[in-house]
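>>> What follows is a predicted protein model with its sequence.
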Amino acid sequence: MAQIEKVKFVWRIVDLVLAGIFIYAGAIKAFDPIRFASDIDNYKILQWTIATGLAFYLPWLEILCGVALIVRRLYLGGLSILTALISIFIIATIAAKVRGLDITCGCFGHASQNWSFPAHLAVDLAILAALLALYFKAASGNRLENAV
Amino acid sequence: MRTRIFAFTLSIFLCAIARAELKWEQTAVELHPTAGDKEAVGHFKYQNTGSQPVRFKSVHTSCGCTVAQSQKEEVPPGEKGEITATFKIGDRTGTQVKNVTVETNDPDHATTVLTLKAVIPQELEINPTFVFWGQGEALKSKSIVVRASKDFPVKQLKVTSSSPDFQTKVEQTGNGQFKIDVQPRETSREIAAKLVIQPEDSPKVFYATARVTNAPAIQ
Amino acid sequence: MRQALILAALALLPGIGQAIYFRDKVSWQSPIPASEMVTVAQARTWDGNAIWVDARPDAEFERDHVPDAVPLNEDRWNELLPQFLVTWSPEKRVVVYCSSQSCNASREVARRLRGEAQLKDVFVLQGGWEEWLKSRK
C-alpha cells in the first residue's frame, strides 16, 4: 500500500512541476503581451492581427491549464490542451530549424531567447513526454474506475 | 505511334518534375558587431537543388539602411551562391531586425524572407538623453543616469558641456553606474548645450542635451 | 474534449479583458499603438503646434520633405538629435514620418524620442511620406 502511495506522490510531483512550468511560462508572456506579440511578429510567420490575438489569449490558456493540473479539475482537458500546445511548439521549432528560421519566442517568451536549439527541443520533448505519461495514466485510471 | 505517345508522356512527366528549387542554408542570421563597427554583413547561402535554373526576380530590403545583393542573377541547377546583406549600423542601438525579401521563379517558394538580426552592443545607457527647463523654472539641477554595460566596464566618466551656461557634476552611484547633475546658470532666457560624455580610457563619446526652452515652465 | 473546450472558453475571459485593458496601447491593424499614430488630416489641424520629423535617409530628405520638417534618422542620430531638440518645445507635438506604412524608421525614431529623450506627444504619421504626398494633390 505504501508503495502505491509513493507512486501516487511521484505522479503528483510531476503534476505540480508541469503546472508550475506552464503557469510560469504563461505569466511571463501575460505580463507583457505587446512584447510577446512583437516577438511573434518579428519572424513574419503570422499576420500582426493573429499574432496579437494569440499574444493575449495563449498565456492565459497556459495558466488556466496549469491551474487545472494543480486543483485536478478539468484535469484531462488541461492535459490535452497543454499536450497540443507543446506539440505545436515542437513542430514549429523543428520546422523553423529545417527552414533555417530562428524562433526564440518558444515556450518561455524572452526568458528562453538565449537557449540553443537542442536545449529548447530537449526541454520541450521532456515536457511532452511527462504530459503524455500523465494523460495515459489518468485516462487508464478513469477506465479502471468505470469498469469497477 | 506508341513511341510518339511514350515520348510525349515522358516529356510531360519530365516537365512536371523539372523545376527550379532553391534551398537555403539558413534564412535567419544573427550578427554581433563589435563597438565601433560601421557595418554588419550577413551571408545567406543557397543551392539550386532543382533541375531548372533559378532566376532572381527581385531582392529588396525592409529598410534603406540595409543593402542586399545577389552574386548571380541566374543560378544553374546544382550551383551554389549567396545573397549578401549589408546593414549600415549608423547610430542605431539594441537589437535590430531587418528583412530581405527575395523573389524567384521557384514555384513552391516564390518569395522568401531572409532575416538579418544584429545585436548592437550598447556600451553606455544614458537616461534621459535630454533634460530641459521652462522659462522661469526654479534653478534646480536635473539628473541623467548613466549605466555601463557589463561587457564594457567603466571606472570614470568625463562630462563636458559645450556651453558655460550649464554646469555638470558627475557622481559614481554604483559599479558602472553614474549620476550627472545638470544645472543651468539661469532660466530667464533660452539657452542650450550639448553634453559630451566620455568614459575614461575610451575614445568613444556619447551625448546628451540640456536646454532652457522658450516656453514658460509648467507649474 | 468537453473539458478542453471549457478551459479554452474560460481562457477567453482574461484574454479579452487584457485586450480591452491594453486597447490604447496596441493597434490590431499595425504594430504601432493607436494612440501613437496620427493621420495627415489630424496632423494638419495642429498647424504651428506640430514639429515634423523626417526619419528617412539623408538623400531622401534632400530630394523632398514636408515643409519645415527636421531630419532625424538613425544613421546620424547623435549628430541630428541635438539639432532637433533645439527646435522642440513642450507644447509642440512631434510627428515622425518615413516612407510608407511598412517602413520601420519612423517607429524607431519615435520610440527613441519617447524612451531616450523622454519626450511626450510623439506621433507616427499613418501612411508616411506617401500619404503626405497624396494630401498635397
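Arrived safely. Just so it is clear, the structure is predicted and the values come from calculations on it, not from any experiment. Numbering: from 1, shown residues only, chains lettered A, B, ... in the order given.
>>> Quick check on residue B:103: phi, psi?
Torsion angles at residue B:103 (phi, psi; degrees, to the nearest 10) stand at phi -110, psi 130.
>>> so what's the nearest residue to it once chain neighbours are set aside up against?
Here the nearest residue to residue B:103 in space, its sequence neighbours aside, is residue B:57; by Cβ to Cβ, 6 or more residues apart in numbering or on different chains that works out to 4.2 Å. For every residue, glycine as well, the C-beta is placed using N, CA and C. Residues near residue B:57 by Cβ atoms under 8 Å, 6 or more residues apart in numbering or on different chains: B:103, B:104, B:105.
>>> Buried subset of those residues as a PyMOL selection?
Filtering these down to the buried ones (16 or more other Cβ atoms under 10 Å in any protein chain shown) takes a single PyMOL command:
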select buried, chain B and resi 104
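>>> which one among the contacts of residue B:57 gets closest to residue A:140?
Lowest distance from residue A:140 to these (Cβ to Cβ) belongs to residue B:104, with 52.2 Å.
>>> The closest one contacts residue B:83, doesn't it?
No - using Cβ atoms under 8 Å, residue B:104 makes no contact with residue B:83, being 10.8 Å away.
>>> Looks to me like the residue nearest to residue B:103 is in a strand.
Yes - read with DSSP: H, G, I helix; E, B strand; the rest coil, residue B:57 is one of the residues of a strand.
>>> quick one: low-confidence ranges for chain B?
Residues of chain B meeting the criterion pLDDT under 70: B:1-20, B:217-219.
>>> what does it have sitting close to chain A?
Applying Cβ under 8 Å from any Cβ of the partner chain, we find that chain B lies next to chain A at B:24, B:25, B:26, B:27, B:28, B:30, B:97, B:99, B:113, B:115, B:117.
>>> What strand or helix carries the spatially most central residue of chain C?
Residue closest to the average C-alpha location in chain C (Cα atoms, centre = their mean): residue C:124, at 2.1 Å. Assigned by DSSP states H and E, residue C:124 belongs to strand C:122-125.
>>> Buried residues in the helix or strand following that strand, which are they?
Per DSSP H and E, the first helix or strand lying C-terminal to strand C:122-125 is helix C:128-136. Using 16+ other Cβ under 10 Å as the test for burial, helix C:128-136 gives C:128, C:129, C:131, C:132.
>>> for the third one, what are its contacts?
With contact set as Cβ under 8 Å, 6+ apart, residue C:131 has these partners: C:39, C:40, C:125.
>>> ok, it to chain B distance?
Taking Cβ to the nearest Cβ, to the nearest Å as the measure, residue C:131 falls 18 Å from chain B.
>>> okay, that residue: pLDDT?
Listed pLDDT for residue C:131 reads 90.
>>> how close does it sit to residue B:206?
Here the criterion is Cβ to Cβ, to the nearest Å. By it, residue C:131 lies 35 Å from residue B:206.
>>> With the first one instead?
Taking Cβ to Cβ as the measure, residue C:128 falls 30 Å from residue B:206.
>>> got it, and residue A:137?
Distance, residue A:137 to residue B:206, using Cβ to Cβ: 59 Å.
>>> Show me which of those two is the more surrounded one.
Neighbours per residue, other Cβ atoms under 10 Å in any protein chain shown: of residue A:137 and residue B:206, the larger number sits with residue B:206, 20 against 14.
>>> is the more buried one in a bridge, and if so with what?
Assessed by DSSP bridges, residue B:206 has beta-bridge partners residue B:197.
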